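Undergrad: Here's my sequence, what's the structure:
(one chain, ligands or ions: 1)
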Amino acid sequence: MNQFNQLYSRRNTASVKWDLMEKIYSIPDASKIIPMWVADMDFAAPSSVTEAIQKRLEFPLYGYTFENDDCSHAVTTWLKRRHDWMVSNDSVMYHQGVVPAISTIIEALSNEADEILVNSPVYPPFFNIPKKLDRTVLYSPFIENKGVYTFDFYHFEQQLARPEVKIFILCHPHNPAGIVWSAEVLQKIDELCFANNVIIISDEIHSDLVLGDTKHIPLAKISQHPENIITCVAPTKTFNLAGVQAAMMISSDKKKRQLLQNTLAKHGQMGLNTFAIAAVQGAFSEQGEQWLDELIPYLQKNVDYVIDTITTAVPSIHIQKPDATYLVWLDIRDTGYAEKEIMQKLLNAGVALDPGTKYGKAYEGFLRMNIACPHATLVEAVSRFLTAFN
Ligand SMILES: Cc1ncc(COP(=O)(O)O)c(C=O)c1O
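TA: The predicted model follows:
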């Protein structure tokens, strides 16, 4: 049996995806609902991760630990092998997650009156975190042409020219649209941000989940100004380790690293915990890579199934195939449903998706579906999805 066909019951395991639906959707009972919302997979992590944690558990002293050279070596070797990106161990800093890393970077490299630029639609913490830090958020919406999003470089440049803009947060690959940005687009972003003295945070957490032939190119790898970029990566999306919590901030600029270090110290941040250090090495390993090489075709199959089944049954739903991620962005505007109505119908039918407006006010008429589950679960979930639209 394909390992990803294995069904696990995740209810009552303190799983955000499975056990928080009542709270998230304000419903009394979600015990029959299949979750297709938060980006977390219903697959067991690679055995190399479990074994690495188990091995660490066998030594029952859990005092303070730090990310030693073995840990950094696992990270930098992975980046070289998977993305042909040479990163020195010194350039890697650690945090519990990419979201807290983004918060730290904003706090360290901008001030309260400053503006932070993001695209839209985009992963919600990109605009929620800066707001919580009392920064003003500016948006650069994508241009949409028949469901394909592209950068509106004219508008982007106008926004960048504002002296208050200090940081641009790039989602690469993009959540929710699954776009892997091309070298040409990345070069333009690099050039424009540098010319306008705007630092780039490049969130590349989904970079190991490229589904098609497109290649992920780390922005800092091809940048003419790599010192202007802080890249965030993590093994947590790729290997389903979000609950373990581990992320990396990569910067080739010593001065920026010092500023980040100061902000981390201000909050008493200690980096990764003992088990996360073991998990990182278990994940970024040859066995982890083999597991990933088996995961990708499974996700591709799930994506194809969702697109074929839904667009055949409901031709007014439009879906652009994602280049990366296990997230599918559905354009349901032509069905005429209001967001509130269809969200309720979906919950009544037994499936929970993310509403489009979570990713930006203008995205009423879109839904985000997480397809990272055993195929049998997906088939049932898609059938329920179609019930809601009939
Ligand atoms: C683009 C992006 N960045 C960051 C995260 C979350 O990262 P973390 O759990 O490491 O905070 C997600 C989760 O879905 C994401 O899609």
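
Undergrad: hey, C-alpha coordinates of stretch 5-18 in CSV?
TA: Extracted in CSV, the C-alpha atoms of stretch 5-18 (Å, rounded to 0.1, in the frame of the first residue of the first chain):
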residue,chain,number,x,y,z
ASN,A,5,-3.1,6.0,1.7
GLN,A,6,-2.9,5.2,5.4
LEU,A,7,-5.9,6.6,7.3
TYR,A,8,-5.2,8.1,10.7
SER,A,9,-7.9,9.4,13.1
ARG,A,10,-6.7,12.7,14.2
ARG,A,11,-9.7,13.7,16.2
ASN,A,12,-9.0,14.3,19.9
THR,A,13,-5.3,14.7,19.3
ALA,A,14,-5.3,18.5,19.9
SER,A,15,-5.0,18.9,16.2
VAL,A,16,-5.8,22.5,15.1
LYS,A,17,-7.0,21.2,11.7
TRP,A,18,-9.4,18.5,13.2
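
Undergrad: what about residue 249, distance to residue 89?
TA: 14 Å (Cβ to Cβ, to the nearest Å). All C-beta atoms are positioned from the backbone trio N, CA, C, and that covers glycine.

Undergrad: Show me which of the two is the more surrounded one.
TA: residue 249 (25 against 13; other Cβ atoms under 10 Å).

Undergrad: Is that one in a helix, a strand, or coil?
TA: strand (DSSP: H, G, I helix; E, B strand; the rest coil).

Undergrad: Also the one 10 residues further on?
TA: The local conformation at residue 259, judged by three-state DSSP, is helix.

Undergrad: Paired strands for the lowest-mean-pLDDT helix or strand in the chain, with orientation please.
TA: Lowest on mean pLDDT, DSSP states H and E among the helices and strands of the chain sits strand 143-145, with a mean of 93. Here strand 143-145 is paired, per DSSP bridges, with strand 148-150 (antiparallel).

Undergrad: burial measure for the residue nearest to residue 302 when sequence neighbours are not counted, as a count.
TA: Excluding its sequence neighbours, the residue lying closest to residue 302 (Cβ to Cβ, 6 or more residues apart in numbering) is residue 371, at 4.3 Å. For residue 371, the number of neighbouring residues by other Cβ under 10 Å comes to 24.

Undergrad: quick one: contacts for residue 371?
TA: 36, 299, 302, 303, 306, 326, 327, 328, 378 (Cβ atoms under 8 Å, 6 or more residues apart in numbering).

Undergrad: and what of residue 380?
TA: Contacts of residue 380 (Cβ under 8 Å, 6+ apart): residue 34.

Undergrad: Now find how far off-centre whichever strand or helix holds it is within its chain.
TA: Following DSSP states H and E, one finds residue 380 within helix 375-389. From the chain centre to the centre of helix 375-389 is a distance of 24 Å (Cα atoms, centre = their mean, to the nearest Å).

Undergrad: In it, which residues are buried?
TA: 377, 378, 381, 382, 384, 385, 386, 388, 389 (16 or more other Cβ atoms under 10 Å).

Undergrad: picking up where we left off before, pull the residues that contact the least confident helix or strand of the chain.
TA: So strand 143-145 is in contact with 149, 150, 151, 152, going by Cβ under 8 Å, 6+ apart.

Undergrad: out of everything not next to it in sequence, what's closest to the last one?
TA: In this case it means residue 152. That would be residue 143: by Cβ to Cβ, 6+ apart, it lies 4.7 Å from residue 152.

Undergrad: which residues does the one you found bridge with?
TA: residue 150.

Undergrad: Pull up the gap between it and the ligand, please.
TA: 21 Å (Cβ to the nearest ligand atom, to the nearest Å).

Undergrad: Can you report how many residues neighbour that residue?
TA: What residue 143 shows, counting by other Cβ under 10 Å, is a neighbour count of 12.

Undergrad: Distance check, it against residue 192.
TA: Residue 143 is 16 Å from residue 192, by Cβ to Cβ.

Undergrad: hang on, the earlier thing: alpha carbons of the helix holding residue 380, in CSV - could you do that?
TA: Provided in CSV are the C-alpha atoms of helix 375-389 (Å, rounded to 0.1, in the frame of the first residue of the first chain):
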residue,chain,number,x,y,z
HIS,A,375,-7.0,9.9,-1.7
ALA,A,376,-10.0,8.0,-0.2
THR,A,377,-10.7,10.9,2.2
LEU,A,378,-10.3,13.3,-0.8
VAL,A,379,-12.8,11.4,-2.9
GLU,A,380,-15.4,11.7,0.0
ALA,A,381,-14.6,15.3,0.6
VAL,A,382,-14.9,16.3,-3.1
SER,A,383,-18.3,14.4,-3.2
ARG,A,384,-19.5,16.5,-0.3
PHE,A,385,-18.1,19.6,-1.9
LEU,A,386,-20.2,18.9,-5.0
THR,A,387,-23.3,18.2,-2.9
ALA,A,388,-23.0,21.8,-1.6
PHE,A,389,-22.9,23.2,-5.1
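
Undergrad: Off-centre distance for stretch 127-137?
TA: 19 Å.

Undergrad: again with stretch 120-139
TA: 15 Å.

Undergrad: in that stretch, what counts as buried?
TA: Applying 16+ other Cβ under 10 Å to stretch 120-139 flags 120-127, 129-130, 133, 135, 137-139 as buried.

Undergrad: Can you flag which of those residues belong to helices?
TA: If you go by DSSP state H, these have 125, 126, 127, 129, 130 in helices.

Undergrad: what would those residues look like in a markdown table with distance to residue 73?
TA: Formatted as a markdown table, those follow (distance: Cβ to Cβ, whole Å):
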| residue | distance to residue 73 |
| --- | --- |
| 125 | 30 |
| 126 | 31 |
| 127 | 35 |
| 129 | 30 |
| 130 | 33 |
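
Undergrad: The ligand contacts on the stretch 151-300 of the chain?
TA: 171, 175, 203, 205, 234, 236, 242, 247 (Cβ under 6 Å from any ligand atom).
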